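Trainee: With the sequence up front, the predicted model follows.
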Amino acid sequence: MATLRSIQDRNIDINLAYRQEGDWGKANMLLSELPSQILNLVLVGQRRFARLYKKAITTKIDNHGGGTWAPSNSAAYKRFKESKGKSITDLLSFYGDYRRNIKITEGNKGVSVGVNKNARNSNLKTGLTIAQYANVLEHGSFWQDIPARPLWSSTFAELGGKRRVLREVTKGISEAMLRRYGINISTTIK
């Protein structure tokens, strides 16, 4: 095998030519904008999933968990509900504050769906924030004899969990790359 030095010693003139094929202007633009584009497109996919998640959560609240939750065993809770003219099965939409305080927010770590940790139920004097109330419903309370009534974790799983989030993100990236640059990206999620 000849090295560059041995080729020069033989006085061999080498002319290298290359040809750029395709739209290199687009390629250069894509490469220069790629990091910020991908970040923006990840947020697009996260927003898409967040809207689906919030809709599924609020639908479950409207349907009182779809009839899958165990009734409360707490006599005090039952008396409290009855005193307000509400059914014991109407766990989540008691005054509507829980549902109204479910928000989609964006921060430096991405998009999230949740309840503001400081939001309070305007009609309850329990001292609990809506987020604390939601946590008791999600996980139950041994001390208050309240069984778990999963809403957030079960809905996330029903929607497909992390795999679905990833699918929405990659779908958003693929659609945008095709639309903006004419580049078709195929993705396979296992």
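Mentor: In hand now; what should we look at?
Trainee: residues touching the residue lying closest to Lys171 once chain neighbours are set aside, list them.
Mentor: Nearest non-adjacent residue to Lys171, counting by CB to CB, 6 or more residues apart in numbering: Gly45, 6.5 Å away. (Glycine included, C-beta is placed from N, CA and C.) Applying CB atoms under 8 Å, 6 or more residues apart in numbering, we find Gly45 in contact with Val165, Glu168, Val169, Thr170, Lys171, Gly172, Ile173.
Trainee: quick one: which of these is nearest to Leu52?
Mentor: The closest of the contacts of Gly45 to Leu52 turns out to be Glu168 (CB to CB; 7.8 Å).
Trainee: Now do the buried residues in the strand or helix carrying the closest one.
Mentor: Here Glu168 sits within helix 161-181, counting by DSSP states H and E. Residues of helix 161-181 classed as buried: 164-165, 167-174, 176-177, 181 (neighbour count, 16 or more other CB atoms under 10 Å).
Trainee: Can I get these in JSON lines including pLDDT and distance to Trp143?
Mentor: Converted to JSON lines, those look like this (pLDDT from 0 to 100; distance: CB to CB, whole Å):
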{"residue": "Arg164", "pLDDT": "90", "distance to Trp143": "35"}
{"residue": "Val165", "pLDDT": "89", "distance to Trp143": "34"}
{"residue": "Arg167", "pLDDT": "86", "distance to Trp143": "40"}
{"residue": "Glu168", "pLDDT": "86", "distance to Trp143": "39"}
{"residue": "Val169", "pLDDT": "85", "distance to Trp143": "40"}
{"residue": "Thr170", "pLDDT": "84", "distance to Trp143": "44"}
{"residue": "Lys171", "pLDDT": "84", "distance to Trp143": "44"}
{"residue": "Gly172", "pLDDT": "80", "distance to Trp143": "44"}
{"residue": "Ile173", "pLDDT": "80", "distance to Trp143": "47"}
{"residue": "Ser174", "pLDDT": "81", "distance to Trp143": "49"}
{"residue": "Ala176", "pLDDT": "78", "distance to Trp143": "50"}
{"residue": "Met177", "pLDDT": "75", "distance to Trp143": "53"}
{"residue": "Tyr181", "pLDDT": "71", "distance to Trp143": "58"}
